[in-house]
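let me see the structure of the following:
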Amino acid sequence: MTSHKTTQTMKAATAAKKLGVYLEATPAEFQEGVVSRDELNALQAEPPEWLRELRRTGPHPRQVVAAKLGVSIGGLTRGGITDPLTTEQIEALKTESPEWLVRERATQAEVRKEAARVKEEKN
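Okay, here's the model as predicted:
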């Protein structure tokens, strides 16, 4: 009996999340299709121009915005950021350094410090 390997596929939304890009900013053919594991690996290994441009300038999904600002996704929400942001908008926020961003970065630093302390205690 021979076994046939089925190709593992994922929805475009899942692939966009794994690629760290905002789905609505991707080309229509990407949004409307399914992506195989091999296609995802190829996109990660040798990203096409549209993917490189999206990663460079955005708009970026919330998890990427949060990481670039050094805050949690919840911190973004508390700061009133609910939409995707471009790299330019993120840089402007860093420059302006509004009170909510300073507060959320401090909170995030405390969370990391506590996580490191707990990890150290376990060892």
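
check whether Thr57 really touches Ile90, as I assumed.
No. Counting by C-beta atoms under 8 Å, Thr57 does not reach Ile90; the two are 10.3 Å apart. Any C-beta I mention is one placed from the backbone N, CA and C, and that applies to glycine too.

more crowded one of those two?
Neighbour totals were compared for Thr57 and Ile90, and Ile90 leads with 18 against 12 (other C-beta atoms under 10 Å).

list the contacts for that one?
58, 60, 65, 68-69 (C-beta atoms under 8 Å, 6 or more residues apart in numbering).

swap in 6 Å and give it another go.
With contact taken as C-beta atoms under 6 Å, 6 or more residues apart in numbering, Ile90 is in contact with Lys68.

does it sit in a helix, a strand or a coil?
Three-state secondary structure (criterion: DSSP: H, G, I helix; E, B strand; the rest coil) places Ile90 in helix.

quick check: it vs Gln31, distance?
Ile90 sits 23 Å away from Gln31, going by C-beta to C-beta, to the nearest Å.
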